[in-house]
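Student: Here is a sequence together with a model predicted from it:
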2 protein chains.
Amino acid sequence: MSSEIGPVADRSRSAARNRRRDGTPAAISQMPWQQPRNPYRPVEAVSVDELEAIHMASLTVLEEIGMDVINQEAKAILKAGGASIARDSDRVRFDRGLIESMIGKAPTEFTLHARNPARSLRIGGPWISFCPIASAPNAYDMDGGRRPGNTADFRNFLKLIQSLNIIHLSGGYPVEPQDIHPSIRHLECLSDFVTMTDKVFHAYSLGIERIHDGIEIARIGRGIDHATLEREPSLLTIINTNSPLKLDIPMAQGIIEMARRNQVVVLTPFTLAGAMAPVTIAGALAQQNAEALAGLVLAQLVRPGSPFVYGGFTSNVDMKSGAPAFGTPEYMKAALVGGQLARRYGLPYRSSNVCAANTVDAQAGYESVFSLWGAVMGGVNLLKHGAGWMEGGLQASFEKMMVDADLLQMVSNFLTPLAVDADSLGVDAIREVGPGGHFFGAAHTMQRYSTAFYSPMISDWRNYEAWQEAGSPSAEQKANRVWKTLLAAYEPPPLEAAIREELAAFVARRKEEGGAPTDF
Amino acid sequence: MSSEIGPVADRSRSAARNRRRDGTPAAISQMPWQQPRNPYRPVEAVSVDELEAIHMASLTVLEEIGMDVINQEAKAILKAGGASIARDSDRVRFDRGLIESMIGKAPTEFTLHARNPARSLRIGGPWISFCPIASAPNAYDMDGGRRPGNTADFRNFLKLIQSLNIIHLSGGYPVEPQDIHPSIRHLECLSDFVTMTDKVFHAYSLGIERIHDGIEIARIGRGIDHATLEREPSLLTIINTNSPLKLDIPMAQGIIEMARRNQVVVLTPFTLAGAMAPVTIAGALAQQNAEALAGLVLAQLVRPGSPFVYGGFTSNVDMKSGAPAFGTPEYMKAALVGGQLARRYGLPYRSSNVCAANTVDAQAGYESVFSLWGAVMGGVNLLKHGAGWMEGGLQASFEKMMVDADLLQMVSNFLTPLAVDADSLGVDAIREVGPGGHFFGAAHTMQRYSTAFYSPMISDWRNYEAWQEAGSPSAEQKANRVWKTLLAAYEPPPLEAAIREELAAFVARRKEEGGAPTDF
């Protein structure tokens, strides 16, 4: 592991960010930038034999039932690779030998490069990266209420994403800026990612033009040539299969174009048990796995060794209403098994921090932490929707983003190994204080107290009386103050003038050309 | 494992409880009574060598520094057992050979008997039991606000504890009924536990008389003789050492009297890092372990093989204010290591569901689930303060008890192994539905949909519009309706008239005698 990439703590930037423009320190104390490593053995929810049964069931699904692939190029690649496709049919059946032969080609661990090298990330192995919410149609904050996503909200979220050290990269637009025409939205948004943040970002697989534009913007942002970009993955795309068992045109194109250029494909079937997948979690996982393996085969046929992340998103629905549920016991177990499957194939694992709550209440808190529990104990490498997700993904909340940032910092701290040595065991301190004494004034305490414990951004630990005198604020109200403070303190990260100009010229040219088709 | 004890699902009672007196079903749908078994391998936060270093540090503390034991009988027992005590001193030093010789004597797993045999519990091994909050000085609900604990609140909590299938036993008074004189409070309260619930309960170690009364009330409640009671542990007591390194008179008496009668001692040092223990978590754990081992030695010297539970409560304090913090990353790591220590000694493990929140907001939700994460992944057997805990234990909340009951049910469901077999893998269902189809109407779905997923008591999964039309209720507001519904549907469990009379006579006699001294 080279030390120039992300995981190194970047204290100077953090310190700078903690000061306002007028030089006074901001009120928000954050952990420094650092990519956590998971020190815990992943928790396994099924036995080795049961895992194999899920694997075998998905091979049967791919061999006997097959997947509908609605894209000529993908079908040609799969057919050339050995899949069976009847003439004039979209139904692709995968021989189990073909599947097995593609397992092990994608890297177990790789570097995902940001335009700021200090923000590059290791994906896979023990490494974890946190993304904010992506793709919400609505934005919310306590002052402005709920509204359709727009450019101002999009940009404010980008400022917060850049400001929060615990957010390592973006996995899409935090909220859809619906006021920008779809033909040029990707150009405006990806350009904003480059200028307003220095972290890794994501391009949507919504047709070849958008993916090509995304790859080109990532290249320009890093100031590198095409060959370097192909050596150094610098962009990711999320591929959601149309569950059950369908890969549509833009998603198939996304896999092909990204794999061809050695960029990162995160394949996440949208397998809600009881709706788009069997009502049993084992069945939903078998289907999730079949769809993920089909995507893996396509990506590895296009370019063997291209980076591929195994995504798990299996949850259940409320069988009364059909509404998706998140952070449920079923979701947690599926998250654990998803990790087991990813490790079986030697692939990095993507999971999420999700909830179904409509407001930032106790439910939002407990469903999110249950999701994190499943993800982290399942061995997640790429955590999507880590901060700001509400309402099953229909709402990006400014307050929830702050609450989640606190949760992610706590998780990161939980993943920091305990020091256990003579110094930390503190027998001399216990001797100094003795039975019936107090440690507040002990030398051992005085030397360590300011950095001994995680200091939260949101949690209110005042006693009831002091809290009441302060107006009985809820966590959501505290979060409201925190995001406003962070937003006010935002400063754009440095960007070379040459890159800024090249980017502006590219975006201007592509807009003149009309952007991307909107009839996909 | 005999099947007559707790873990058997008790569907008939559950069904009865789900009907109101007028025969209509209550609105609250609960999981049936069932004691969960943890199927997951516990997560280890320190290596075997590091665990040994903590163990050795605590042996050094006990050998070189020692503990102050403020009780003549305890000192006599310890001295006779081989501990060193200087004349006219309370300082007891434990040779490491003495400690090592007492490890392995207490049972790894035992049955804790309730007066209703269907409510008896396995303590230890894979088994988990959930207790409600104990010992809060204040009660709270949204209608009545915060007030000092009183008899009406105490009894209402008992009704809820009895009504909630997910609460397996009590670990103390949910709230202190401060309106009952301390000399007779234990008589009133323990009598209420017997008549209003049929679950295992707890007696406070507040002097010999109270413990004797508690043991006698447990015996009468079960309708058994003294010899049977000594064969069958039927009562527990929580022993909190006065950290650092002090065992006071009532706590020492509690260990002695309970162990003598083969009843359950749960020894839980109150080691808040930075206050009553070293500021480092490793140091706080070394001290926790020393105090727990000292208690173990005393209990096993009194009666080798008496049931003993290793309690972990190590957390950190807010170093700005000294206020205790819970559900923190430090708390989680300490909970994992506490489980490792308990397993090293072959003892059942006690942990807690705790938070520092002042109101049932997102913080209450996330701190509680973080606590549960540490406890459950740490291999907890006895979860104290499982439902209703707020404000670091200063408040028992009716609404939080309902939210927590939902969390505990979710945890119980998370601990239920996934079915992975031909039927649940559902390849035929996937075949029937096929690519692009939908599973809502599939036969596989129709056969299972009503029981496929956990159905929450509190979580609101409606879409935003429906939720808004319903008045935008928070989880706390939903919980407010749930506890009122449960309270209205409460029915006292059956109790033989002879037992009721014997209990009443005993309580009347002891009250006439003046109850217990209050000058301890």
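Tutor: Done, it's in.
Student: Distance check, A:V302 against chain B.
Tutor: The gap separating A:V302 from chain B is 22 Å, by Cβ to the nearest Cβ, to the nearest Å. Heads up, the C-betas are built off the backbone N, CA and C, glycines and all.
Student: which residue sits closest to that residue in space, ignoring its chain neighbours?
Tutor: A:A259 (4.1 Å; Cβ to Cβ, 6 or more residues apart in numbering or on different chains).
Student: Isn't the one you found up against A:P304?
Tutor: No - counting by Cβ atoms under 8 Å, A:A259 stays clear of A:P304, with 9.4 Å between them.
Student: So these two - more neighbours on which side?
Tutor: Shown here are A:A259 and A:P304; by other Cβ atoms under 10 Å in any protein chain shown, A:A259 has more neighbours (27 against 11).
Student: got the contact list for the more buried one?
Tutor: A:265, A:298-300, A:302-303, A:306, A:308 (Cβ atoms under 8 Å, 6 or more residues apart in numbering or on different chains).
Student: now, which of the residues you listed sits nearest chain B?
Tutor: Of all the contacts of A:A259, chain B sits closest to A:L298, with 15.3 Å by Cβ to the nearest Cβ.
Student: so what's that closest one closest to, chain neighbours aside?
Tutor: In space, and not counting its chain neighbours, A:L298 is closest to A:I255: 5.1 Å by Cβ to Cβ, 6+ apart.
Student: Report the contact partners of the one you found.
Tutor: A:I255 makes contacts with A:74, A:205, A:239, A:247, A:265, A:267, A:295, A:298-299, A:302, as judged by Cβ under 8 Å, 6+ apart.
Student: Pretty sure it sits in a helix.
Tutor: Yes - under DSSP: H, G, I helix; E, B strand; the rest coil, A:I255 falls within a helix.
Student: What distance do you get for it to chain B?
Tutor: A:I255 is 17 Å from chain B, by Cβ to the nearest Cβ.
Student: Any regions of the stretch 1-150 of chain A where pLDDT drops low?
Tutor: A:1-27 (pLDDT under 70).
Student: list the contacts for the residue in the stretch 401-520 of chain A that chain B sits nearest to?
Tutor: Taking Cβ to the nearest Cβ, chain B has its nearest neighbour within the stretch 401-520 of chain A at A:G426, 2.9 Å off. Counting by Cβ under 8 Å, 6+ apart, A:G426 touches A:444, B:278-280, B:282-283, B:286-287.
Student: now, which of those residues sits nearest A:G66?
Tutor: In terms of Cβ to Cβ, no member of the contacts of A:G426 lies closer to A:G66 than B:A282, at 55.5 Å.
Student: Can you pull up the residues of the stretch 151-300 of chain A that come close to chain B?
Tutor: The interface of the stretch 151-300 of chain A toward chain B, taken as Cβ under 8 Å from any Cβ of the partner chain, is made up of A:242, A:244-246, A:273-283, A:286-287, A:290.
Student: residues near A:S29, how many?
Tutor: When counting by other Cβ under 10 Å, one arrives at 11 neighbours for A:S29.
Student: List phi and psi for the residue positioned nearest the centre of chain A.
Tutor: For chain A, the residue nearest the mean C-alpha position is A:K384 (2.4 Å; Cα atoms, centre = their mean). Here the main-chain torsion angles of A:K384 (degrees, to the nearest 10) amount to phi -80, psi 160.
Student: Contact partners for it?
Tutor: If you count contacts by Cβ under 8 Å, 6+ apart, A:K384 has them with A:131, A:134, A:171, A:238, A:266, A:268, A:311, A:350-353.
Student: Need these in TSV (columns: distance to A:L78, secondary structure and neighbour count).
Tutor: Shown next, in TSV, are these (distance: Cβ to Cβ, whole Å; DSSP: H, G, I helix; E, B strand; the rest coil; neighbours: other Cβ atoms under 10 Å in any protein chain shown):
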residue	distance to A:L78	secondary structure	neighbour count
A:C131	30	coil	29
A:A134	28	coil	23
A:G171	27	coil	26
A:I238	21	strand	26
A:V266	20	strand	24
A:T268	20	coil	26
A:G311	20	strand	29
A:R350	23	strand	28
A:S351	28	strand	32
A:S352	28	strand	31
A:N353	34	coil	31
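Student: For the stretch 251-400 of chain A, give me the ranges with low pLDDT.
Tutor: For the stretch 251-400 of chain A (pLDDT under 70), the answer is none.
Student: So which residues of it form strands?
Tutor: Assigned by DSSP state E, counting those that start in this stretch, the stretch 251-400 of chain A shows strands spanning A:264-267, A:272-273, A:308-311, A:315-316, A:349-352, A:382-384, A:389-390, A:395-397.
Student: Just the CA coordinates for the longest helix along chain A, please, in PDB.
Tutor: Scanning chain A for the helix with the most residues, using DSSP state H, yields helix A:281-302. Extracted C-alpha coordinates of helix A:281-302, given in PDB (Å, rounded to 0.1, in the frame of the first residue of the first chain):
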ATOM      1  CA  ILE A 281     -34.200 -13.300   1.200                       C
ATOM      2  CA  ALA A 282     -32.300 -16.400   0.000                       C
ATOM      3  CA  GLY A 283     -34.200 -16.200  -3.300                       C
ATOM      4  CA  ALA A 284     -33.600 -12.500  -3.600                       C
ATOM      5  CA  LEU A 285     -29.900 -13.000  -3.000                       C
ATOM      6  CA  ALA A 286     -29.700 -15.800  -5.600                       C
ATOM      7  CA  GLN A 287     -31.200 -13.400  -8.100                       C
ATOM      8  CA  GLN A 288     -29.000 -10.500  -7.000                       C
ATOM      9  CA  ASN A 289     -26.100 -12.800  -7.500                       C
ATOM     10  CA  ALA A 290     -27.100 -14.000 -10.900                       C
ATOM     11  CA  GLU A 291     -27.600 -10.400 -12.200                       C
ATOM     12  CA  ALA A 292     -24.200  -9.300 -10.700                       C
ATOM     13  CA  LEU A 293     -22.400 -12.200 -12.200                       C
ATOM     14  CA  ALA A 294     -23.900 -11.500 -15.600                       C
ATOM     15  CA  GLY A 295     -22.600  -8.000 -15.400                       C
ATOM     16  CA  LEU A 296     -19.200  -9.200 -14.300                       C
ATOM     17  CA  VAL A 297     -19.100 -11.500 -17.300                       C
ATOM     18  CA  LEU A 298     -19.900  -8.700 -19.700                       C
ATOM     19  CA  ALA A 299     -17.300  -6.300 -18.100                       C
ATOM     20  CA  GLN A 300     -14.600  -8.900 -18.000                       C
ATOM     21  CA  LEU A 301     -15.300 -10.000 -21.600                       C
ATOM     22  CA  VAL A 302     -14.900  -6.300 -22.700                       C
END
